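**Student:** How does the following fold in three dimensions:
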Amino acid sequence: MKNGLLFLACATLFTTSAALRAASPADAFVLVRGEGVSITALDVEADLANRAPEQRDLVLTRPQDVQQIAMSLYIRRVLAEQARRAGEADTPLFCARLRLLEERALSDLRLEGAEAAALADTSALENLARATYRAQPERFDAGEQVRARHILVRADRDDAEALAREILAEASAPGADFADLARRKSDDVSSAARGGDLGAFGRNRMVPAFENAAFGLKAPGLVPEPVQTEFGYHVILVEEIRPAGRQAFEDVRASLLDEARTALAKRTRFGLTETLEKGASIDGEAIERYTRSRQR
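**Tutor:** Model prediction:
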């Protein structure tokens, strides 16, 4: 009778969870069925809940990844049903493990909520980013950099050099839109989507021929000849030349804000857990008695 009541108490956790699940649109997607159980999209989302949002969102757009996770959850659920039918859920140890799982999930939610509240303070993030910039100025010393765009003509294309020269002539015409040319004609798919933009870079970041051409200009503008590398022929537009020196705060603000978010999240978690630890009373004698009992 006692074990039956214990099982009923533990099962209440699942009953409550099921009632909440029924209200979720993700439950409309049943991804795997069999052996009397099913796995929904909500189950997959729950399994990914502790991953970074951008990583979770990426995984959920990949059918192969979703299928792999769903199958893993299906196997786990079938095994759990088999254990339940065998009476393995009707034990004090199971109830203790179930409670710990629930507490882990709820404590994670509590910590995530505290982090979200702290990170909502944009002025605190800005102040932390500026404080880091002032405290570690040497981090932001940079060598000479250029900001450039390029249009690539792959080496394996027929008359690649001639085609690169035609594109260079188009780019040199008055009023030419280099970004538009890159989107339409570059074989470098990733940068073409950004109008050929490669961002700002220093030395030793590009292959030597490309780097020498980009850094060889005295003033921003088109490199006068297509540049040949192992990838093909490049038409290069240098938009900005940045001399060596300390980067301005605005140039590194985005990365410093990312650092500030990470630091503030860690500080929030540590502060909350440290406060809770101070309120705890450890019974060293009980711990000693228990560990001795396990040594017999």
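
**Student:** any idea how far F94 is from R294?
**Tutor:** 20 Å (C-beta to C-beta, to the nearest Å). Backbone N, C-alpha and C define where each C-beta goes, glycine included.

**Student:** Show me which of the two is the more surrounded one.
**Tutor:** F94 (17 against 6; other C-beta atoms under 10 Å).

**Student:** Quick check, the more buried one in contact with E88.
**Tutor:** Yes: between F94 and E88 there is a contact under C-beta atoms under 8 Å: 6.5 Å.

**Student:** those helices in this structure, which residues are they?
**Tutor:** 2-21, 41-47, 53-59, 63-85, 92-119, 122-135, 160-172, 178-185, 189-192, 208-216, 249-278, 284-293 (DSSP state H).

**Student:** Let's have those helices in JSON lines, adding mean pLDDT and distance to D141.
**Tutor:** Below are these laid out as JSON lines (pLDDT from 0 to 100; distance: least, C-beta to C-beta, whole Å):
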{"stretch": "helix 2-21", "mean pLDDT": "45", "distance to D141": "53"}
{"stretch": "helix 41-47", "mean pLDDT": "93", "distance to D141": "45"}
{"stretch": "helix 53-59", "mean pLDDT": "87", "distance to D141": "30"}
{"stretch": "helix 63-85", "mean pLDDT": "94", "distance to D141": "42"}
{"stretch": "helix 92-119", "mean pLDDT": "92", "distance to D141": "29"}
{"stretch": "helix 122-135", "mean pLDDT": "95", "distance to D141": "12"}
{"stretch": "helix 160-172", "mean pLDDT": "97", "distance to D141": "34"}
{"stretch": "helix 178-185", "mean pLDDT": "96", "distance to D141": "31"}
{"stretch": "helix 189-192", "mean pLDDT": "90", "distance to D141": "27"}
{"stretch": "helix 208-216", "mean pLDDT": "96", "distance to D141": "18"}
{"stretch": "helix 249-278", "mean pLDDT": "94", "distance to D141": "11"}
{"stretch": "helix 284-293", "mean pLDDT": "92", "distance to D141": "52"}
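
**Student:** Out of the ones you listed, flag the one nearest P226.
**Tutor:** helix 160-172 (3.8 Å; C-beta to C-beta).

**Student:** Tell me how many other residues crowd the nearest residue to V44 once chain neighbours are set aside.
**Tutor:** Distance criterion C-beta to C-beta, 6 or more residues apart in numbering; nearest residue to V44, sequence neighbours excluded, is I69 at 5.2 Å. By other C-beta under 10 Å, 19 other residues sit near I69.

**Student:** thinking I69 is in contact with A46, fair?
**Tutor:** No: the criterion here is C-beta under 8 Å, and I69 misses it with A46 at 10.4 Å.

**Student:** now stretch 127-146: how far from the chain's centre is it?
**Tutor:** 24 Å (C-alpha atoms, centre = their mean, to the nearest Å).

**Student:** Just the CA atoms of it, as PDB, please.
**Tutor:** Coordinates of each C-alpha in stretch 127-146 appear next as PDB, following Å, rounded to 0.1, in the frame of the first residue of the first chain:
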ATOM      1  CA  ASN A 127      28.700  50.400 -18.600                       C
ATOM      2  CA  LEU A 128      30.400  47.000 -18.200                       C
ATOM      3  CA  ALA A 129      31.600  47.100 -21.900                       C
ATOM      4  CA  ARG A 130      33.100  50.500 -21.400                       C
ATOM      5  CA  ALA A 131      34.700  49.500 -18.200                       C
ATOM      6  CA  THR A 132      36.400  46.600 -19.900                       C
ATOM      7  CA  TYR A 133      37.600  48.900 -22.700                       C
ATOM      8  CA  ARG A 134      39.100  51.300 -20.200                       C
ATOM      9  CA  ALA A 135      40.700  48.600 -18.000                       C
ATOM     10  CA  GLN A 136      42.300  46.600 -20.800                       C
ATOM     11  CA  PRO A 137      43.300  49.200 -23.500                       C
ATOM     12  CA  GLU A 138      46.200  47.100 -24.900                       C
ATOM     13  CA  ARG A 139      43.700  44.500 -26.100                       C
ATOM     14  CA  PHE A 140      42.400  46.900 -28.700                       C
ATOM     15  CA  ASP A 141      45.700  47.800 -30.300                       C
ATOM     16  CA  ALA A 142      45.600  46.700 -33.900                       C
ATOM     17  CA  GLY A 143      48.000  46.700 -36.800                       C
ATOM     18  CA  GLU A 144      47.100  48.200 -40.200                       C
ATOM     19  CA  GLN A 145      43.800  46.900 -41.600                       C
ATOM     20  CA  VAL A 146      41.800  47.300 -44.800                       C
END
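
**Student:** Can you tell me what sits against that stretch?
**Tutor:** Contact with stretch 127-146 is made by 200-203, 214-215, 217, 238, 240-247, 249, 252-253, 256-257, 259-260, 263-264, as judged by C-beta atoms under 8 Å, 6 or more residues apart in numbering.
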